[in-house]
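Enquirer: Sequence and predicted model, in that order:
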Amino acid sequence: MRKRRKLSDLKCPKCGKQPGEIQENAEAMICYPLENGKYIDTVEWAPGDIKGMYAYCSDCKYQWTLRGILQITDFEDYEEE
């Protein structure tokens, strides 16, 4: 996906402030092993497909979908710390 947007440019469509959080939405497979018909106290999981991203405004509590962005690395100014 082409990087077109910057994290630093994100603004809440409701109040105009920068979001306090962005959320990556992805599927996950969670496996609950059984032994003799009983649950064993270990859980295995595997990440799945990324479905999209959302932003959340800490000020007005509004949440919105980030269109054209599927994951954090799609932002032009994303840098790992």
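Expert: Perfect, thanks for sending it.
Enquirer: any idea which residue sits dead centre in this structure?
Expert: In the chain, the centroid-proximal residue (C-alpha atoms, centre = their mean) is residue 24; its distance is 0.8 Å.
Enquirer: for residue 22, which residues make a bridge with it?
Expert: For residue 22, the residues forming beta bridges with it (DSSP bridges) are residue 55.
Enquirer: quick one: contacts for the residue nearest to the centre of the chain?
Expert: Residue 24 makes contact with 50, 53, 71-72 under the criterion C-beta atoms under 8 Å, 6 or more residues apart in numbering. Backbone N, C-alpha and C define where each C-beta goes, glycine included.
Enquirer: Tell me where the model's unsure across the protein.
Expert: For the chain, applying pLDDT under 70 flags the ranges 1-3.
Enquirer: any chance you could map the strands in it?
Expert: Per DSSP state E, the chain carries strands over the ranges 21-31, 34-35, 38-39, 44-56, 63-66.
Enquirer: Those into a markdown table, with extra columns for distance to residue 76?
Expert: What follows is the strands of the chain, written out as a markdown table (distance: least, C-beta to C-beta, whole Å):
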| stretch | distance to residue 76 |
| --- | --- |
| strand 21-31 | 14 |
| strand 34-35 | 47 |
| strand 38-39 | 46 |
| strand 44-56 | 14 |
| strand 63-66 | 13 |
